[in-house]
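Asker: prediction below, plus the sequence it came from.
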Amino acid sequence: MAIKKSDLYSSLWKSCDALRGGMDASQYKDYVLVLLFVKYVSDKFMGQRDSLLQIPKGGSFADMVALKGDKHIGEKMNIIIANLAKANDLVGVIDVADFNDSDKLGKEKEKVDRLSNLIGIFNTPALDFKGNRAEGDDILGDAYEYLMRNFATESGKSKGQFYTPAEVSRVMAKVIGMGGATSAKQTIFDPTCGSGSLLIKAHDEAKGSTGPVSQDDQILVPYTTVQDEFVPGNNVRTIGISVASADQIDTVKTEITTLLESRHNIAIGGTDDFTIADQAQLLTTVGGVSDLLTLLLAGIASISLLVGGIGIMNIMLVSVRERTREIGIRKAIGARGRDILAQFLVEALVLSVLGGVFGIILGVAVSYLIGTLAGWGFVFSPVTPLVAVLFSLLVGVVFGVWPARQAARLDPIVALRYE
């Protein structure tokens, strides 16, 4: 027999009513949901060995029922919840609320009566979760949604603040292990609350991005929540569809096209007011953009090399002119043309390699700085500086040959007369 939501909601209302006066309405859930959780898991898993949750001795709802009227009821309820939390690795999750807080729950007899009444509200045959046969029902989710809907405005807070408070969201993000996420392919969604707070905290807990679009900037929530809370209306801009295998893509695209044309009243041969794209098309588009960017960067690099090479050539030509008498003296005492050629080629190579090394150091430093500040990380590949040095040598040879040949072909007599 399924639990009636009317009975659940009635118990929730009565429990919140029992807490009135001692705390802010936004804090009702801290106590009510814990009691409901203890009741639910006790009914579901009590006495089962291999169950999802273990109910230890002194950690069940029945133990709470036995405390009704006890003058130390608050302290003992904390112990029961602590035992349940320790047995299921839920410390810091379900044992946050203090059931022995006299400021919120009253002093002595008032606290005993209030907590006894609270336990009695949930100790009713109408809330026998052991006999609940609706396996698909989300009892705790429904309860949380009910508390949000009815007590957010009463607490003086916005719905979003009441849905998933920041501290609860941070704890949940840690509990589900978001800090261990290592791939941008790993996803998380929040199908019950839908306020976005939990997803934002999970995003902060596990940073990761892939490609030009950061996965950190995307969240998944029920589209009905988006329509109710953020974007009124029934318009849907994008629909994502997955197929069982790649062989079915063309068939599915054809069927979707036919269905949408029928629903949009588009005549055969008419112009569609929608587009359908599969991953192959997206990859082709991304590949085209990537190729274009590669060509653009290659063009910029080529222009930079050309400008640098021309600069080296001009420096070497000026050097040849200023050292004309030196060249004439070397030739007069026996230096051959190839010796002069080699000398100036080596000078051009040294000049270009020094410029290349300086550029490598500057590039690595700037890349490391940007990667660190932006949080992208920094990966150093030894192949990159090696290629850069080889290109520097090539530029030195290509643009240093002509000045070196000019120096090697000088007539020693003319060179010695040069002023």
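Answerer: Nice, I can see it. Note that this is a predicted model, so its numbers are computed, not measured. Numbering: from 1, shown residues only.
Asker: which element follows the helix or strand containing Thr258 toward the C-terminus?
Answerer: For Thr258, the element it lies in under DSSP states H and E is helix 249-263. Next helix or strand after helix 249-263 toward the C-terminus (DSSP H and E): helix 279-322.
Asker: which stretches of the stretch 301-419 of the chain form helices?
Answerer: Under the criterion DSSP state H, counting those that start in this stretch, the stretch 301-419 of the chain contains helices at 324-332, 337-374, 383-408, 412-417.
Asker: before we move on, the earlier item: what lies in contact with the helix holding Thr258?
Answerer: With contact meaning CB atoms under 8 Å, 6 or more residues apart in numbering, helix 249-263 is reached by 241, 243, 266, 268, 270, 272, 274, 276, 278, 280. Just so you know, the C-beta spots here come from the backbone N, C-alpha and C atoms, and that holds for glycine as well.
Asker: from these, which single one is nearest Ser42?
Answerer: Ile241 (42.4 Å; CB to CB).
Asker: now the residue lying farthest from the centre of the chain, nearest residue through space, not along the chain?
Answerer: Centroid-distance maximum for the chain: Ile413 at 74.8 Å, with CA atoms, centre = their mean. Among residues not flanking Ile413 along the chain, Gly328 sits closest, at 7.5 Å (CB to CB, 6 or more residues apart in numbering).
Asker: number of residues surrounding that neighbour?
Answerer: Neighbouring residues of Gly328 were enumerated by other CB atoms under 10 Å; the total is 20.
Asker: wait, what's in contact with Ala246?
Answerer: By CB under 8 Å, 6+ apart, the contact set of Ala246 is empty.
Asker: again, but for Ile276
Answerer: Contacts for Ile276 (CB under 8 Å, 6+ apart) come out as 253, 256-257.
Asker: so where's the protein uncertain?
Answerer: For the chain, the stretches with pLDDT under 70 are 1-3, 131-142, 144-218, 419.
Asker: tell me how it divides into domains.
Answerer: The chain is divided into the following domains under automatic domain parsing: 5-150, 169-229, 246-276, 283-417.
Asker: reformat these as TSV; add distance to Val236.
Answerer: TSV is the format used below for the domains of the chain (distance: least, CB to CB, whole Å):
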stretch	distance to Val236
domain 5-150	23
domain 169-229	7
domain 246-276	11
domain 283-417	22
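Asker: so for Glu75, which of the helices of the stretch 301-419 of the chain sits nearest?
Answerer: That would be helix 337-374 among the helices of the stretch 301-419 of the chain, by CB to CB, at 50.9 Å.
Asker: in the closest one, what's buried?
Answerer: Buried residues in helix 337-374, counted by 16 or more other CB atoms under 10 Å: 340-341, 343-345, 347-349, 351-353, 355-356, 360.
Asker: any idea how far it is from the chain center?
Answerer: Taking CA atoms, centre = their mean, to the nearest Å, one finds helix 337-374 lying 39 Å from the centre of the chain it belongs to.
Asker: excluding sequence neighbours, find me the nearest residue to Phe99.
Answerer: Phe99 sits nearest to Met77 (CB to CB, 6+ apart), 4.2 Å away.
Asker: contacts only, for the one you found.
Answerer: So Met77 contacts 64, 67, 99-100, 115 (CB under 8 Å, 6+ apart).
Asker: by neighbour count, which of those residues wins?
Answerer: Leu115 (27 neighbours).
Asker: next, give phi and psi for Asn88.
Answerer: Main-chain torsions, Asn88, degrees, to the nearest 10: phi -130, psi 20.
Asker: so it sits against Gln54, correct?
Answerer: Yes. Judged on CB atoms under 8 Å, Asn88 makes contact with Gln54 at a distance of 6.0 Å.
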